[in-house]
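Chemist: the following comprises the amino acid sequence and a computationally predicted model.
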Amino acid sequence: MKNHRILALLLALFTALSLSSCDYINSFLASRMRNIDPIQVFNSRLEVTRKLVPNDTLFVQVQGLVAGKIYDVACLDANGEEITKLRAQADENGVIAPSPLWYDIGFENREVDIGGGNMVSKPVLDTSTQLGLQAFDIQVTAVDPDEDTNFALTFWVVFKSDLERPEPIVMAGKNDAASGLFFLENSFKSGETLKLKVEPSTLKNPPEPLTADAALDVYIVPFSAQPIADGTLISDLHPVHDEAFTVTQLTGANGIAFTGAWATIPTTAEGKAFSVILDVNNDGIYNVKKEGTESFYLDGVDGNGVAGFIVVQPQVTTADLVHLNLASNGHFVWDSVIGGWDYGYADTFKLDGSDTQYGWDWQYQGYGVKAIWNPYINWGYNPPDPKTASFYYGTYVNLYIIDADHSLAKGTTLDPTDGTHLMYIPVQSSCYNGCGQQTIWRTPLASTYANRGYRLFLDIDGDGEVSDFDMVDDLHEDQTTPTDGVGFSVIQ
């Protein structure tokens, strides 16, 4: 009798499911199944998605890999051309945790006529109707030639859509001196004028209750590597300036300049990174969507999880290595004394990684050394070797972990320490070039690495050797230079 009752219940369940919609059945199954997608794509709010808004940042996670193996993860356009790439090591779970792969999505380096036939390379976003839905691929391949891992996933950049109101695209930039045209910019010098532009054009004819002359609040806030969550009180982000602009101004062809304290960028901003928040409903809260809706986006941001722009320190003019801190434990703390973020630079790291934290490795164990830096060189004036630059707006550098006694003489070949590896790190062109808390050396490590000193080395021009304007971490946490040149040590 008991078996008959079970069969009757199963029959009733299958009958109910057969009368339900396919969406209902798919939802029922999805809610009870673990995600097994080998590749997952995230936006700057770390939301899983296959469609991203221009000027956002794409984070990628890969799973189902061989633990400890090295993989190349590349973003390819519809023609198979490489946009950007990273090289990373799968953790003990066979996972490459969410890592920034493509900054400033959708912007291309194009030859633009700025007047009189004067052609220059500028970052341009194609806002034509052709960019209604543009597909790209993420491809994962094993570095080891004996491993045949090679698979891909398609995602899309969406500019136009049938949403009630698309998410505003907020862009910090400046006008070209010759043509007066507005171009995206991630890096400024003090004394320059900061301008702002907002797309898409739906803001020009906004739905109720906004009007074309409605004033919208704009805030410049110090950058935090932690994503700004929906519902965040903007005053908690330590705003340094706010100003009201009208809808018409913000969508002007040449952008709109800030006034008041930021009429020209102050010297006090040098060496610091910032985000720009557009508060559409002027409530002092970063609201992603209008409450109760799924297709009406409100506020926009330039720099969520990555910086919208930085103000560079005085340019290094002497041809030499740049010495700075790079190795971070991931513990970010707001420092009211320096008026900025303490990025967790450390002189020692425990072998088991217990003194580091997740960073972007929020879903899986992500203990290990991170690499965070705010550049002292503006690549707008000292561009890296073009072979490392993407035809889309952005570039990447090579990162090495080397022994503390590795020669730093110019022309020396960069040999990674045994057991570590060369990594490709995508960065924002001329901007805050931290890895977004990507783990670059995982722990626990073999005991042979304990009680030894190391350096992180950024090969800016990608030539595989020590050369001018490369960056090296051989400083103590307090910015002093140790006699042994150790950037950090691994201890038991």
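Modeler: Looks like it arrived, so ask away.

Chemist: any low-confidence regions in the stretch 101-250 of the chain?
Modeler: Across the stretch 101-250 of the chain, the ranges flagged by pLDDT under 70 are 126-132, 160-162, 207.

Chemist: contact partners for the residue lying closest to Asp104 once chain neighbours are set aside?
Modeler: For Asp104, ignoring the flanking residues on the chain, the nearest one in space by CB to CB, 6 or more residues apart in numbering is Tyr393 at 4.9 Å. In short, each C-beta sits where N, CA and C put it, glycine included. Neighbouring residues of Tyr393 by CB atoms under 8 Å, 6 or more residues apart in numbering: 103-104, 107-109, 123, 184, 429.

Chemist: buried ones among those?
Modeler: Those of the contacts of Tyr393 that meet the buried threshold are 103-104, 107-109, 123, 184, 429, by 16 or more other CB atoms under 10 Å.

Chemist: export those as a markdown table, with columns for secondary structure and distance to Asp37.
Modeler: Below are the buried ones among the contacts of Tyr393 laid out as a markdown table (DSSP: H, G, I helix; E, B strand; the rest coil; distance: CB to CB, whole Å):
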| residue | secondary structure | distance to Asp37 |
| --- | --- | --- |
| Tyr103 | coil | 23 |
| Asp104 | coil | 25 |
| Phe107 | strand | 27 |
| Glu108 | strand | 28 |
| Asn109 | strand | 31 |
| Pro123 | strand | 31 |
| Leu184 | strand | 32 |
| Ser429 | coil | 30 |
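
Chemist: closest to Val369 among those?
Modeler: Tyr103 (21.8 Å; CB to CB).

Chemist: please report how far that closest one lies from Lys289.
Modeler: 24 Å (CB to CB, to the nearest Å).

Chemist: just to revisit the earlier point, how about the contacts of Tyr393 in a markdown table, adding distance to Arg87?
Modeler: Output for these, formatted as a markdown table (distance: CB to CB, whole Å):
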| residue | distance to Arg87 |
| --- | --- |
| Tyr103 | 17 |
| Asp104 | 21 |
| Phe107 | 23 |
| Glu108 | 24 |
| Asn109 | 22 |
| Pro123 | 25 |
| Leu184 | 27 |
| Ser429 | 19 |
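
Chemist: the helix or strand Pro426 falls within - contacts with which helices or strands?
Modeler: For Pro426, the element it lies in under DSSP states H and E is strand 423-427. On a contact count with 3 or more CB pairs under 8 Å, 6 or more residues apart in numbering; DSSP states H and E, strand 423-427 meets strand 82-89, strand 96-102, strand 395-403.

Chemist: run a quick neighbour tally on Leu233.
Modeler: By other CB atoms under 10 Å, the residues close to Leu233 number 10.

Chemist: quick check: it touching Asn287?
Modeler: No - if you go by CB atoms under 8 Å, Leu233 and Asn287 don't touch, sitting 10.9 Å apart.

Chemist: skipping adjacent residues, who's closest to Thr356 in space?
Modeler: Spatial nearest neighbour of Thr356, excluding adjacent residues (CB to CB, 6+ apart): Asn329 at 4.5 Å.

Chemist: er, Ser235 actually
Modeler: According to CB to CB, 6+ apart, the nearest residue to Ser235 is Gly284 (6.4 Å).

Chemist: ok, now which ones touch the one you found?
Modeler: 217, 233-235.

Chemist: how about those, which pair is most distant?
Modeler: Asp217 and Leu233 (13.4 Å).

Chemist: about what we covered before: quick check on the residue nearest to Ser235: phi, psi?
Modeler: phi 80, psi 10 (degrees, to the nearest 10).

Chemist: for Tyr400, see how far away it is.
Modeler: From Gly284 to Tyr400 the distance is 45 Å (CB to CB).

Chemist: with Glu208 instead?
Modeler: Here the criterion is CB to CB. By it, Glu208 lies 56 Å from Tyr400.

Chemist: how about the contacts made by the residue lying closest to Leu399 once chain neighbours are set aside?
Modeler: For Leu399, ignoring the flanking residues on the chain, the nearest one in space by CB to CB, 6+ apart is Met423 at 4.6 Å. Residues near Met423 by CB under 8 Å, 6+ apart: 86-88, 398-400, 440.

Chemist: and what of Glu167?
Modeler: Counted by CB under 8 Å, 6+ apart, Glu167 has contacts 53, 288, 297, 300.

Chemist: now do the SS call for it.
Modeler: Secondary structure state of Glu167, per DSSP: H, G, I helix; E, B strand; the rest coil, is coil.

Chemist: related to what we said a few turns ago, and the contacts of Gly284 as JSON lines, adding distance to Val198 and secondary structure?
Modeler: Below are these laid out as JSON lines (distance: CB to CB, whole Å; DSSP: H, G, I helix; E, B strand; the rest coil):
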{"residue": "Asp217", "distance to Val198": "13", "secondary structure": "strand"}
{"residue": "Leu233", "distance to Val198": "22", "secondary structure": "strand"}
{"residue": "Ile234", "distance to Val198": "17", "secondary structure": "helix"}
{"residue": "Ser235", "distance to Val198": "22", "secondary structure": "helix"}
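
Chemist: for ChimeraX, what selects the buried ones among these?
Modeler: In ChimeraX syntax, the buried subset of these is picked out as below (16+ other CB under 10 Å):
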select :217,234
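
Chemist: what's the closest of the contacts of Gly284 to Glu243?
Modeler: Checking the contacts of Gly284 against Glu243 by CB to CB gives Asp217 as the nearest, at 7.5 Å.

Chemist: and stretch 347-364, what's its mean pLDDT?
Modeler: Regarding stretch 347-364, the rounded mean pLDDT is 69.

Chemist: hmm, I was thinking of stretch 56-73
Modeler: 90.
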